[in-house]
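Student: Return a 3D structure for these sequence lines:
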Amino acid sequence: MNSLPKQVDCLIVGGGPAGSALAGLLALRGHLVMLVHDGRNRHAVPLETILPAALPALFRCGLQSIVRAATEVDQRRHGARWSSAEWVWQAIERPGLCLWRNTFDAAMRDWALRQGALFVMATVQDLLPTDPSAPIFLQNSTSVMPVCARMVALATGRRGAGRLVPIQTLAQGVDTATFALRFEAPESAQKLAVVEAAASGWSWWIGHDNGGSAVVTVDVNDLHRRGRAVLLREVLDAASGPIAEARNVRLIGAVRATARVQTTTAKVLLLGDAAATLDPLASQGTEKALVSAEAAACAIDFALRTPALKSQALAHHAQWEHDLWQAHARSTVEFHARVLRFADEPFWAMRRTAAEPERAGPLPARLVRAPELIHTTALRRVVDQLIPEPAVCLPASAPLHRLGRVAIAPILAAFAAPSDVTTAIALAGKDPALFICGSAAVRMAVHELWQRGFLRAP
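Tutor: Below you'll find the model as predicted:
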């Protein structure tokens, strides 16, 4: 390690897909990047898929060539016993991709090095210093090396960030555990990928040349109460697809898979599972890691080029992670709600309502802009760049300048004095910034601003 530079633009801790993709993307932008990997594999499932719907996002990231080279086309037949006990099979219009995580992660690290990133097999010795200018100590089997970094990003997986910085959980789903199993299976089962609901959880099977792998997802409290062996056997016995034909089951991994989003007060950027983990039902872990790296690259590039707005860049990425997590949480609730045949079972009942947003009721007839609003700056992403924009915030809230594609400045201006909602929405809609939004989108934004406290009843 002594031959490596002691000062870098960005130090990235974690050599999984998120950290490696970020290292390569930042190196492509001309930054001096050091990727630190401790050599451990943190995935519970060795074989994963990338859904067809994810491919445009990965191509937009500029990662299409490496993703294509490190994966194979998924030619399996996909099916589900979910909403009912009957099988539903997908029409193969456009296949997704399939990857072995060890091979894929190594390919991503090699790609990052080819783009110019530096690679260190080491661990961070202690908590990160609170002083951003202080050195961070990296330790391998033979030496300790201090490194100073203008920016630090943690892509340490689900549990690793808490060892390095203080972590606060902002929101989480119902406590969930996932077990990975490997089976021997007949050739017919090796060509299938299926998901099946059971009373106590669900299973996902993916076949491969030497048999098949399965994921079984259950509730943590149920697991503690009834025991692993009983609960796994119950879910497996309920399966009528490839799992029913498989032999010689072997447990190969387990993980606490509760969906959650977290943040830190430290001046570092969290990405990938270190920032937010999705419910395993999403089957989008690898996709999420890569798009998180793309968003993080935009934020870090902006912070390195505009150091005075580093805090805003970190806040922008943290909000991006939070918003993505919320969108997935809503989708997961909808998927759980489709399993009506087990609607009264605790596993499904809890997950049907866990992430539903609170409803604040109908809008008051009249509203006014909150008097304590503070004018500040927020960042908006345009293609692969972040652009500063005027924004407002409450004393204890993050800066806000848009809700989706709706600019909020014209709406707040329309409510500068107490006004009835219909009149103010008509006034705001005359602003050129809202021409293409439509009155329905503006009304939804008004409702959201009221729920967040930016608008108040007079």
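
Student: Please make it C-alpha for all contacts and neighbour counts, starting now.
Tutor: Noted.

Student: Skipping its backbone neighbours, what lies nearest Cys393 in space?
Tutor: Pro399 (4.6 Å; Cα to Cα, 6 or more residues apart in numbering).

Student: should've said Ala349
Tutor: Excluding its sequence neighbours, the residue lying closest to Ala349 (Cα to Cα, 6+ apart) is Ala343, at 5.9 Å.

Student: circling back to that earlier point, hang on, isn't the residue nearest to Cys393 packed against Ala378?
Tutor: Yes. Between Pro399 and Ala378 there is a contact at 5.8 Å, judged by Cα atoms under 8 Å.

Student: picking up where we left off before, what about the residue nearest to Cys393, how many neighbours?
Tutor: Around Pro399 sit 22 other residues, with neighbours defined as other Cα atoms under 10 Å.

Student: which residues of the stretch 51-200 of the chain fall in helices?
Tutor: 55-60, 64-69, 101-114, 157-160 (DSSP state H, counting those that start in this stretch).

Student: Quick one: residues contacting Leu192.
Tutor: By Cα atoms under 8 Å, 6 or more residues apart in numbering, the residues touching Leu192 are Arg76, Arg77, His78, Gly79, Trp205, Ile206, Gly207, Pro242.

Student: Tell me the bridge partners for it.
Tutor: Beta-bridge partners recorded for Leu192 (DSSP bridges): Arg77.

Student: same thing with Val144?
Tutor: For Val144, the beta-bridge partners under DSSP bridges are Gln139.

Student: again with the one 5 residues further on
Tutor: With DSSP bridges applied, Ala149 shows beta-bridge pairing to Val8.

Student: got it, and Arg250?
Tutor: With DSSP bridges as the rule, Arg250 is bridged to Arg182.

Student: gap between it and Leu22?
Tutor: 35 Å (Cα to Cα, to the nearest Å).

Student: and what of Leu236?
Tutor: 38 Å.

Student: quick revisit: in contact with the residue nearest to Cys393, which residues?
Tutor: Contact partners of Pro399, counting by Cα under 8 Å, 6+ apart, are Thr376, Thr377, Ala378, Ala391, Val392, Cys393.

Student: go on, Leu427?
Tutor: Taking Cα under 8 Å, 6+ apart, one finds Ala414 in contact with Leu427.

Student: buried sites along the strand or helix carrying Leu412?
Tutor: Assessed by DSSP states H and E, Leu412 sits inside helix 409-414. For helix 409-414, a neighbour-count test (16 or more other Cα atoms under 10 Å) marks Ala409, Pro410, Ile411, Leu412, Ala414 as buried.

Student: Please identify the nearest residue in space to the last one, excluding sequence neighbours.
Tutor: Yep, that's Ala414 we're talking about. Ala424 (5.2 Å).

Student: and what of the first one?
Tutor: Take Ala409 and drop its neighbours on the chain: the residue closest to it by Cα to Cα, 6+ apart is His401, 7.0 Å away.

Student: any idea of the pLDDT on that neighbour?
Tutor: The confidence metric pLDDT takes the value 92 at His401.

Student: Excluding residues flanking it in the chain, which one is nearest Val392?
Tutor: Val392's closest residue in space is His375 (Cα to Cα, 6+ apart), at 4.5 Å.

Student: What residues sit buried inside the helix or strand encompassing that neighbour?
Tutor: Secondary structure from DSSP H and E places His375 in strand 374-382. Of the residues in strand 374-382, Thr377, Ala378, Leu379 count as buried by neighbour count, 16+ other Cα under 10 Å.

Student: same check, this time on stretch 434-454
Tutor: Going by neighbour count (16+ other Cα under 10 Å), the buried part of stretch 434-454 is 434, 439, 441-443, 445-451, 453-454.

Student: and the gap between Arg158 and Thr169?
Tutor: Arg158 is 12 Å from Thr169, by Cα to Cα.

Student: same question, Ala155
Tutor: Applying Cα to Cα, the value for Ala155 to Thr169 is 16 Å.

Student: Comparing the two, which shows the higher neighbour count?
Tutor: More crowded of Ala155 and Thr169, by other Cα under 10 Å: Ala155, with 30 against 12.

Student: Quickly note the distance from Arg456 to Ser20.
Tutor: Counting by Cα to Cα, the separation of Arg456 from Ser20 is 45 Å.

Student: Gly253 now?
Tutor: In terms of Cα to Cα, Gly253 sits 23 Å off from Ser20.

Student: Let me see the ranges of the helices in the stretch 251-400 of the chain.
Tutor: With helices called from DSSP H, counting those that start in this stretch, the stretch 251-400 of the chain shows them at 285-305, 310-337, 346-353.

Student: Determine the number of other residues adjacent to the closest residue to Ala398 other than its chain neighbours.
Tutor: Spatially, and ignoring its direct neighbours in sequence, Ala398 is nearest to Ala315 (7.6 Å; Cα to Cα, 6+ apart). By the criterion of other Cα under 10 Å, Ala315 has 20 neighbours.

Student: for the helices of the stretch 51-200 of the chain, which one sits closest to Arg351?
Tutor: For Arg351, the closest of those is helix 157-160, at 20.7 Å, according to Cα to Cα.

Student: re the thing from before, next one: the residue nearest to Ala398 from Ala297, what distance?
Tutor: Relative to Ala297, Ala315 is positioned 14 Å away (Cα to Cα).

Student: Please apply the same query to Gly162.
Tutor: For Gly162, the distance to Ala297 equals 22 Å [Cα to Cα].

Student: Also Leu4?
Tutor: 22 Å.

Student: and if you look at Thr306?
Tutor: Counting by Cα to Cα, the separation of Thr306 from Ala297 is 14 Å.

Student: Which one's more surrounded, the two?
Tutor: For Thr306 and Ala297, the more surrounded residue by other Cα under 10 Å is Ala297, and the numbers stand at 25 against 11.

Student: can you pull the contacts of that one?
Tutor: Here Ala297 is in contact with Leu22, Leu25, Leu26 (Cα under 8 Å, 6+ apart).

Student: Adding pLDDT and neighbour count, write the residues you listed out as TSV.
Tutor: What follows is those, written out as TSV (pLDDT from 0 to 100; neighbours: other Cα atoms under 10 Å):
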residue	pLDDT	neighbour count
Leu22	98	32
Leu25	97	27
Leu26	98	25
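
Student: Among these, which one sits closest to Glu287?
Tutor: Leu22 (13.3 Å).

Student: got a pLDDT number for the residue nearest to that closest one when sequence neighbours are not counted?
Tutor: The shortest distance from Leu22 to any non-neighbouring residue, by Cα to Cα, 6+ apart, is to Ala293 (4.7 Å). What the model reports as pLDDT for Ala293 is 97.

Student: what about Ala293, how many neighbours?
Tutor: Neighbours of Ala293 under the rule other Cα under 10 Å: 27.

Student: Check which helices and strands the lowest-mean-pLDDT helix or strand in the chain is in contact with.
Tutor: When the helices and strands of the chain are scored by mean pLDDT, DSSP states H and E, helix 55-60 comes last with a mean of 80. Applying 3 or more Cα pairs under 8 Å, 6 or more residues apart in numbering; DSSP states H and E, one finds that helix 55-60 contacts helix 285-305.
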